[in-house]
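In: coords please:
(one chain, ligands or ions: 1)
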Amino acid sequence: MTGGENILVAEKLSKSFGGFKAVSDVDLKVRRHTIHALIGPNGAGKTTCFNLMTKFMQPTSGRILLNGEDITRTKPSAVTRMGMVRSFQISSVFPGMTVLENLRVALQRKLGISYHFWRSRSALDSVNERANELIAEVGLEAFKHRPASELSYGGKRTLELATTIALDPEILLLDEPMAGMASGDIHKMVDLIRRVSQGRTVLMVEHNLNVVADLSDTITVLQLGQVLAEGSYREVSQNPEVITAYMGDEDDE
Ligand SMILES: Nc1ncnc2c1ncn2[C@@H]1O[C@H](COP(=O)(O)OP(=O)(O)OP(=O)(O)O)[C@@H](O)[C@H]1O
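Out: Numbering: from 1, shown residues only. Below you'll find the model as predicted:
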């Protein structure tokens with residue numbers, strides 16, 4: 001089974017904490033080769049929904065399908081091998097290692113390279129070649145031999161994204177990719193996400209609505225754990241219920 005047009009599907013996904021339903025009967029279809037954003041006011045259930053979709057939390061009920069295969073009970077590590085990779089902000093970057101070394105480690109993880117592999121000169125060359133390609137793709141050439149700890153915050157996030165791309169994901173899940181970024185870095189990250197999304201699918205949670213408007217093909221708006229609206233940015237931003245949900249959120253702050 002391939003899942004057809006939709007690479008990732010949630011069916012009636014729910015998550016309760018005690019008696020409280022943080023996510024309630026959410027249906028979501030992520031179309032292949034699109035950028036899909038989950039948005040909504042504070043407490044809408046975005047993070048919980050994202051954690052369910054990325055397999056970091058078990059749903060109370062409902063199903064998740066990846067390429068048509070039921071992954072509701074599949075472990076995150078197995079899901080990664082199936083081509084769905086979650087980006088972990090900067091926590092997966094090794095600060096004492098150089099940019100190049102960080103990418104070599106990520107590639108090694110992808111290939112599951114054995115000791116014997118490392119004795120093969122051509123295999124080593126191919127890892128180095130791919131690491132260099134990734135460094136060029138994300139624009140970190142000038143920092144190739146610098147320790148990751150010396151990178152700016154935006155640089156660390158860029159390296160982290162490169163280590164995620166090293167796993168060659170079919171679908172990439174990004175948790176607030178612009179969080180904590182300076183405005184100059186936001187433009188670079190938007191360009192980068194657009195570039196790495198070529199031939200891939202991206203599902204992201206993002207608070208910055210300018211970024212969401214700029215990048216997303218489809219937006220799902222959550223409120224009180226349920227889908228409030230779905231469509232292009234133009235469609236959802238003109239939806240009166242969405243406007244009310246966001247204005248209510250502003251009033252609360
Ligand atoms: N582990 C938990 N235990 C109890 N309640 C939780 C837990 N995680 C989330 N919640 C509650 O579920 C609701 C949805 O939370 P969630 O973090 O998914 O929302 P969100 O849309 O990501 O919000 P934000 O934009 O503020 O990050 C909130 O009311 C939150 O308090």
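In: Arg32 touches Leu66, doesn't it?
Out: No: using CB atoms under 8 Å, Arg32 is not in contact with Leu66; the gap is 11.3 Å. Where C-beta positions appear, they are placed from N, C-alpha and C, glycine not excepted.
In: neighbour count winner among those two?
Out: Legend: neighbour count by other CB atoms under 10 Å for Arg32 and Leu66, higher for Leu66 (23 against 16).
In: Please name the residues that touch that one.
Out: Residues in contact with Leu66 (CB atoms under 8 Å, 6 or more residues apart in numbering) are 3, 7-8, 79, 82-84, 171.
In: let's see 10 Å
Out: The contact partners of Leu66, by CB atoms under 10 Å, 6 or more residues apart in numbering, come to 3, 6-9, 30, 53, 55, 72, 74, 79, 82-84, 170-171.
In: circling back to that earlier point, now do the shared contacts for Arg32 and Leu66.
Out: 3, 6-8, 170-171.
In: of the contacts of Leu66, buried ones?
Out: Applying 16 or more other CB atoms under 10 Å to the contacts of Leu66, the neighbour count classes 3, 6-9, 30, 53, 55, 72, 74, 79, 83-84, 170-171 as buried.
In: Most widely separated two among the residues you listed?
Out: Using CB to CB, the pair of these lying farthest apart is Thr72 and Glu170, separated by 18.6 Å.
In: helix or strand for the residue in the stretch 51-200 of the chain that the ligand sits nearest to, which one?
Out: Residue nearest to the ligand within the stretch 51-200 of the chain: Asn51 (7.6 Å; CB to the nearest ligand atom). Using DSSP states H and E, Asn51 sits within helix 46-53.
In: now Val211
Out: Per DSSP H and E: helix 209-215 holds Val211.
In: Show me what counts as buried in that helix.
Out: 211-212, 214-215.
In: Mind jotting down where the helices sit in the stretch 51-200 of the chain?
Out: Assigned by DSSP state H, counting those that start in this stretch, the stretch 51-200 of the chain shows helices spanning 76-81, 99-111, 115-119, 121-138, 153-165, 183-196.
In: related to what we said a few turns ago, which ones among the contacts of Leu66 are found in strands?
Out: Using DSSP state E, the members of the contacts of Leu66 that fall in strands are 6-9, 30, 84, 171.
In: and this structure, which residues reach the ligand?
Out: 17, 20, 22, 40, 42-48 (CB under 6 Å from any ligand atom).
In: Could you dump the residues you listed into a markdown table with pLDDT and distance to Asp185 added?
Out: Shown next, in a markdown table, are those (pLDDT from 0 to 100; distance: CB to CB, whole Å):
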| residue | pLDDT | distance to Asp185 |
| --- | --- | --- |
| Phe17 | 95 | 34 |
| Phe20 | 94 | 36 |
| Ala22 | 96 | 31 |
| Gly40 | 93 | 24 |
| Asn42 | 90 | 24 |
| Gly43 | 90 | 27 |
| Ala44 | 94 | 26 |
| Gly45 | 95 | 28 |
| Lys46 | 95 | 22 |
| Thr47 | 93 | 22 |
| Thr48 | 96 | 28 |
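In: Any regions of this structure where pLDDT drops low?
Out: 1-3, 88-91, 112-121, 248-253 (pLDDT under 70).
In: Can you give the domain ranges for it?
Out: The chain breaks down by automatic domain parsing into domains covering 1-83+171-193+201-253, 85-168.
In: how far does stretch 52-61 stretch from start to finish?
Out: This stretch, stretch 52-61, spans 11 Å end to end (CA to CA, to the nearest Å).
In: That one: how far from the chain's middle?
Out: Relative to the centre of its chain, stretch 52-61 is centred 15 Å away, using CA atoms, centre = their mean, to the nearest Å.
In: Flag every buried residue along that stretch.
Out: Quick answer for stretch 52-61 (16+ other CB under 10 Å): 52-55, 57, 59.
In: Please provide the alpha-carbon coordinates for the helix holding Val211, formatted as PDB.
Out: Below are the C-alpha coordinates for helix 209-215, written out as PDB (Å, rounded to 0.1, in the frame of the first residue of the first chain):
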ATOM      1  CA  LEU A 209       1.700  33.300  10.900                       C
ATOM      2  CA  ASN A 210       3.800  35.200   8.300                       C
ATOM      3  CA  VAL A 211       6.000  32.100   7.900                       C
ATOM      4  CA  VAL A 212       2.900  29.900   7.800                       C
ATOM      5  CA  ALA A 213       1.400  32.100   5.100                       C
ATOM      6  CA  ASP A 214       4.600  32.100   3.100                       C
ATOM      7  CA  LEU A 215       5.400  28.400   3.200                       C
END
